[in-house]
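Chemist: got a sequence here, can you build the structure:
(one chain, ligands or ions: 1)
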Amino acid sequence: MILTKLPRFHLSLASSHFNFINPNRPVQLARTLFSLAPKSNLATVEPISDSSTLEDAPVEIPLDKLFIPPETDISGEDSSTLAARILKGSNIVLSKYARDAQVVQADYVKSSVRTEDCPGDGLPEFALVGRSNVGKSSLLNSLVKRKRLALTSKKPGKTQCINHFRINDNWYLVDLPGYGFASAPHELKLDWNKFTKDYFLNRSTLVSVFLLIDASLPPKQIDLDYANWLGQNQVPMTMVFTKCDKRKKKKNGGKRPEENIKEFQDLIQGFFETTPPWIMTSSVTNQGRDEILLHMAQLRNYWLKH
Ligand code: GDP
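Modeler: Sure thing, here's the model as predicted:
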């Protein structure tokens, strides 16, 4: 499968759906509206910690800012049934492919220094990437429910590798080098770019990049550049906003995670023909954990079928 197949398919579907629905009418994403749908598919996962005070604030998303997966028809939905199909704390609509999301097994497989050296068994994979300190290791550990799995890719010699973890023996989570170390020499930063760019452009089994962005901070230029590059190269991308438990703090400009997220999206709008999927997470409260797994499941199951 070529990298660009999924987003192109998504573009045409999305525009046809919006002929039926008023795109200016916002969907009210109240917490209770869609708590059942995602959990029913993840029967054996740990319950999400109760972080109601942090997550209660409803987020309004206009219809033209939703991510509607391929082969998903929302034309017959009214706003309450549609809201029930949207993953909590995200703009992601659930499709019929959202199943088999739970993680029962996770194994470190290998660390590669070139795309050609990555596993060749053809299983679909998702790459996690983000600025160093964004919370990538914490998220990886939380997704697989193993406190120390991601330590493997923090061992000396592996921090600049493509680290593959096989999940349930049928797909991969891939930990890519963090970027933007303040102390790294310029040449090293460029090397990382070349290295990860080659992987993004040539890894045929890459279903989607998950770009991690710290929601407790105002948008950073390096993250905007990264998102821009992925958009311009039509590499499928999901934005994962981390540290959404961190409430703010006048000294940082007084912005809440929701405000930083909105600002980030406004700034990248021009890079994409349609809004990419995004999701709010916290490795402290486990917010977004089950939802990311469901989103990965629907992308993966669609990819496997096509
Ligand atoms: P990495 O460098 O991207 O792998 O980031 P780590 O997972 O090592 O996390 C960097 C720092 O951010 C650590 O001090 C973590 O405890 C903290 N951190 C990670 N995720 C979260 C989160 O969801 N919420 C909060 N409040 N802190 C987090």
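
Chemist: shaky segments in the stretch 101-250 of the chain?
Modeler: For the stretch 101-250 of the chain, the stretches flagged by pLDDT under 70 are 157, 182-193, 248-250.

Chemist: those residues of it touching the ligand, which are they?
Modeler: 130, 132-138, 178, 242-243, 245-246 (CB under 6 Å from any ligand atom). All C-beta spots, glycine's among them, are computed from the backbone N, C-alpha and C.

Chemist: can you flag the buried ones in these?
Modeler: Neighbour counting by 16 or more other CB atoms under 10 Å classes 130, 134, 135, 136, 137, 138, 178, 242, 243, 245, 246 among those as buried.

Chemist: so which of those sit within helices?
Modeler: Among these, the members found in helices (DSSP state H) are 136, 137, 138.

Chemist: from those residues, pick the one nearest residue 214.
Modeler: residue 136 (10.5 Å; CB to CB).

Chemist: hang on, the closest one packs against residue 143?
Modeler: No. In terms of CB atoms under 8 Å, residue 136 does not count as a neighbour of residue 143; the distance is 10.7 Å.

Chemist: excluding chain neighbours, give the residue nearest to residue 152 in space.
Modeler: Counting by CB to CB, 6 or more residues apart in numbering, residue 152 lies nearest to residue 108, which is 4.6 Å off, once chain neighbours are set aside.

Chemist: Three-state assignment for that neighbour, please.
Modeler: At residue 108 the chain is in strand, as set by DSSP: H, G, I helix; E, B strand; the rest coil.

Chemist: hang on, the earlier thing: turn the ones in helices among the buried ones among the residues of the stretch 101-250 of the chain next to the ligand into JSON lines, including distance to residue 63.
Modeler: Shown next, in JSON lines, are those (distance: CB to CB, whole Å):
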{"residue": "136", "distance to residue 63": "31"}
{"residue": "137", "distance to residue 63": "36"}
{"residue": "138", "distance to residue 63": "33"}
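
Chemist: residue ranges for the strands of the protein, please.
Modeler: 26-29, 59-62, 106-112, 125-130, 162-167, 171-175, 206-214, 237-242, 278-280 (DSSP state E).

Chemist: between the ones you listed, which one is closest to residue 147.
Modeler: strand 106-112 (11.7 Å).

Chemist: tell me the mean pLDDT for stretch 63-71?
Modeler: Per-residue pLDDT values over stretch 63-71 give a mean of 92.

Chemist: check the offset of it from the chain's centre.
Modeler: Distance of stretch 63-71 from the chain centroid (CA atoms, centre = their mean, to the nearest Å) equals 15 Å.

Chemist: ok, the closest residue to residue 301 other than its chain neighbours to the ligand distance?
Modeler: Of all residues beyond its chain neighbours, the one nearest residue 301 is residue 97 (3.9 Å), with distances taken as CB to CB, 6+ apart. Separation of residue 97 from the ligand (CB to the nearest ligand atom, to the nearest Å): 27 Å.

Chemist: give the contact list for residue 97.
Modeler: 69, 71, 297, 298, 299, 300, 301, 302, 305 (CB atoms under 8 Å, 6 or more residues apart in numbering).

Chemist: of these, select the buried ones using a PyMOL command.
Modeler: Per 16+ other CB under 10 Å, the buried members of those correspond to this PyMOL selection:
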select buried, resi 69+297+298+299+300+301+302
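
Chemist: which one of the contacts of residue 97 is nearest residue 273?
Modeler: Once CB to CB is applied, the member of the contacts of residue 97 that ends up nearest residue 273 is residue 69, at 15.9 Å.

Chemist: any idea how far the nearest residue in space to residue 71 that is not next to it in sequence is from residue 120?
Modeler: Among residues not flanking residue 71 along the chain, residue 95 sits closest, at 6.5 Å (CB to CB, 6+ apart). Separation of residue 95 from residue 120 (CB to CB, to the nearest Å): 29 Å.
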